[in-house]
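J.: test case, fold it:
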Amino acid sequence: MGQGAAEKLEKKASKARVSVPVTQGVLNEIDSRARRLSVSRSTLMARLLQYGLEVERQRRDQLAQKIRQLRECADLIEAERLGNELGEMIFGQ
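T.: Numbering: from 1, shown residues only. Take a look at the predicted model:
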């Protein structure tokens, strides 16, 4: 998500409060970014969680798509390529 996407997030009342332990370095980075964006620490953390969840959903969808393509593939060379891509997505390069 680009920087402009941060402004597009809706502000809704918090439904739950959670406590998350973080290292001092992470907290410093969150505070620094929050100041640059002129938002609170909590707002930034909520946005980061939303972005992370969205990225994870997209990754899961891409993985499912590659699996479908591999299952439907009849060409052995294409199947090997898709299998390699799938392996890289799962295990890294």
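
J.: which strands or helices does the strand or helix carrying residue 81 pack on?
T.: Under the criterion of DSSP states H and E, residue 81 resides in helix 76-91. Applying 3 or more CB pairs under 8 Å, 6 or more residues apart in numbering; DSSP states H and E, one finds that helix 76-91 makes contact with helix 41-72. (C-beta placed from N, C-alpha, C; glycine too.)

J.: just to revisit the earlier point, buried ones in the helix holding residue 81?
T.: 82, 86 (16 or more other CB atoms under 10 Å).

J.: quick one: that helix to helix 41-72, angle?
T.: Put simply, helix 76-91 runs at 150 degrees to helix 41-72, going by axes from the mean of the first three to the mean of the last three CA atoms, to 10 degrees.

J.: mean confidence for helix 76-91?
T.: The predicted model assigns helix 76-91 a mean pLDDT of 91.
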